[in-house]
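*Asks:* sequence unknown, structure follows:
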């Protein structure tokens, strides 16, 4: 194992020097105790010692935390995530944990294509080929996010001196059309009705959609909701996406008959006679949190059942997800003239509400005079 420094000597992590009677040496020691490299010169050559210290410091940047040389995108990506998670909580460069979890899913897709590619060989046309394929597959918006992450990770390579400039810096994203999907009242009502008829996890999934709508929450927030959030005045939600030193804020979504009814149904579904003090509100049969794939499968079964029922009744129905019910909640609040939309969503700017969540097709306004 590497020794703990007795005093600060100005050298990077895992770079150690030794001043012997005749020889000066400096090198990078891996986590397993082996040397990644060692440089040496006679102890009396002061200028050479300075050059070796500079050289060792530069070369140390080419290694990950465990002493492996960073050459491929896979190695760089691993180093980027370790760096992110090691940042102080108040650092403005630190991403929210929910964002990093999403980034890990995006990185998995990226690495399946570019993982073994040498960083020095990455060119703009690689990103454009990837985006073209995403566009062809109908996943343009997701492809844009993945390439954006690709660019961000390559900035890490620039900072470490692995490359001189980011080859994807000027890559243009695909043009995409923002979603205008507005879930109709009758569609949500049908989901709640069919979910109650089917019971079990489909019933729970329908109630999760209702919760997301009523509390205008993100999908991850709904699936992580805990009974401890249920208080006398309502359900207390804590901000999940903050930057650096920003303090996490809370919002209490006050009780309405519909909100209380949703939670009462979940409580009865689990066999409780009163609200428990802890535990996931929306959980798998094993009591664990839904994985992204597990939730997608359960929701798919519910939507399939709803589509079948809608066809039998001869009524229109289009599948929707947790991602679609938040815009519905925001839009319905705006239609009703609510002035607390920004408080409810916990957005720090009204711009996101205006450009992303407001799905109203018609407006009304008073005349100039």
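*Replies:* Yes, it's here. Treat the numbers as computed from the prediction; the structure is a model and nothing was measured.
*Asks:* just the strands in the chain please.
*Replies:* 15-19, 23-29, 35-42, 234-238, 250-254 (DSSP state E).
*Asks:* mind listing what's buried along the third one?
*Replies:* Within strand 35-42, the residues that count as buried by 16 or more other CB atoms under 10 Å are 36, 37, 39, 40, 41. For every residue, glycine as well, the C-beta is placed using N, CA and C.
*Asks:* which residue ranges make up the domains of the protein?
*Replies:* Per the record, the chain has its domains at 15-60, 73-159, 185-324, by automatic domain parsing.
*Asks:* closest one to residue 364 among the ones you listed?
*Replies:* Checking the domains of the chain against residue 364 by CB to CB gives domain 185-324 as the closest, at 19.6 Å.
*Asks:* just the terminal-to-terminal distance for the closest one.
*Replies:* Length of domain 185-324, first residue to last, CA to CA, to the nearest Å: 13 Å.
*Asks:* can you count the residues close to the closest residue to residue 227 other than its chain neighbours?
*Replies:* The shortest distance from residue 227 to any non-neighbouring residue, by CB to CB, 6 or more residues apart in numbering, is to residue 276 (4.7 Å). The number of residues packed near residue 276 is 14, by other CB atoms under 10 Å.
*Asks:* next one: the one 10 residues further on
*Replies:* Other residues near residue 286 come to 6 when the count uses other CB under 10 Å.
*Asks:* separation between it and residue 330?
*Replies:* Distance, residue 286 to residue 330, by CB to CB, to the nearest Å: 33 Å.
*Asks:* same check, this time on residue 55
*Replies:* Distance of residue 55 to residue 330, computed by CB to CB: 57 Å.
*Asks:* tell me which of those two has more neighbours.
*Replies:* Of the pair residue 55 and residue 330, residue 330 is the one with more neighbours under other CB under 10 Å, namely 26 against 13.
*Asks:* ok, now which ones touch the spatially most central residue of the chain?
*Replies:* The centroid of the chain falls nearest to residue 99 when counting by CA atoms, centre = their mean (2.3 Å). Residue 99 makes contact with residue 241, according to CB atoms under 8 Å, 6 or more residues apart in numbering.
*Asks:* pLDDT score assigned to it?
*Replies:* For residue 99, the model assigns a pLDDT of 87.
*Asks:* could you shift the numbering so residue one becomes 13, and keep it that way?
*Replies:* Understood, numbering begins at 13; the last thing we discussed is residue 111.
*Asks:* tell me which stretches of the stretch 213-362 of the chain form helices.
*Replies:* With helices called from DSSP state H, counting those that start in this stretch, the stretch 213-362 of the chain shows them at 231-235, 269-281, 304-325, 334-347, 353-357.
*Asks:* list of residues touching the third one?
*Replies:* Judged by CB under 8 Å, 6+ apart, the contacts made with helix 304-325 from elsewhere in the structure are 117, 202-203, 206-207, 210, 213-214, 217-218, 235, 296, 302, 328-329, 331-334.
*Asks:* what's the angle from it to helix 334-347?
*Replies:* 70 degrees (axes from the mean of the first three to the mean of the last three CA atoms, to 10 degrees).
*Asks:* buried residues in helix 304-325?
*Replies:* Applying 16+ other CB under 10 Å to helix 304-325 flags 307, 310, 311, 314, 315, 317, 318, 321, 322 as buried.
*Asks:* out of those residues, which one sits closest to residue 126?
*Replies:* Checking these against residue 126 with CB to CB, the nearest one is residue 307 at 27.8 Å.
*Asks:* out of the domains of the chain, the one nearest residue 180 is which?
*Replies:* Distance to residue 180, taken as CB to CB, is lowest for domain 85-171 among those, at 4.6 Å.
*Asks:* what's the span of that closest one, first residue to last?
*Replies:* Per CA to CA, domain 85-171 runs 15 Å from first to last residue.
*Asks:* centre of the chain versus it, how much separation?
*Replies:* Here domain 85-171 shows a centroid-to-chain-centroid distance of 12 Å under the convention CA atoms, centre = their mean, to the nearest Å.
*Asks:* with distance to residue 72 and mean pLDDT added, can I get the helices of the stretch 213-362 of the chain in TSV?
*Replies:* Converted to TSV, the helices of the stretch 213-362 of the chain look like this (distance: least, CB to CB, whole Å; pLDDT from 0 to 100):
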stretch	distance to residue 72	mean pLDDT
helix 231-235	37	94
helix 269-281	53	96
helix 304-325	37	96
helix 334-347	43	95
helix 353-357	45	93
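*Asks:* any idea how far residue 123 is from residue 90?
*Replies:* Here residue 90 is placed at a distance of 9 Å from residue 123 (CB to CB).
*Asks:* and if you look at residue 331?
*Replies:* Residue 331 is 30 Å from residue 123, by CB to CB.
*Asks:* got it, and residue 320?
*Replies:* As defined by CB to CB, residue 320 lies at a distance of 38 Å from residue 123.
*Asks:* what number of residues lie near residue 336?
*Replies:* Applying other CB under 10 Å, we find 21 residues neighbouring residue 336.
*Asks:* isn't it up against residue 193?
*Replies:* Yes: counting by CB atoms under 8 Å, residue 336 touches residue 193, with 5.3 Å between them.
*Asks:* looking at residue 90 and residue 123, which is more packed in?
*Replies:* residue 90 (19 against 16).
*Asks:* what distance do you get for that one to residue 168?
*Replies:* Residue 90 sits 11 Å away from residue 168, going by CB to CB.
*Asks:* and what of residue 313?
*Replies:* Residue 313 sits 41 Å away from residue 168, going by CB to CB.
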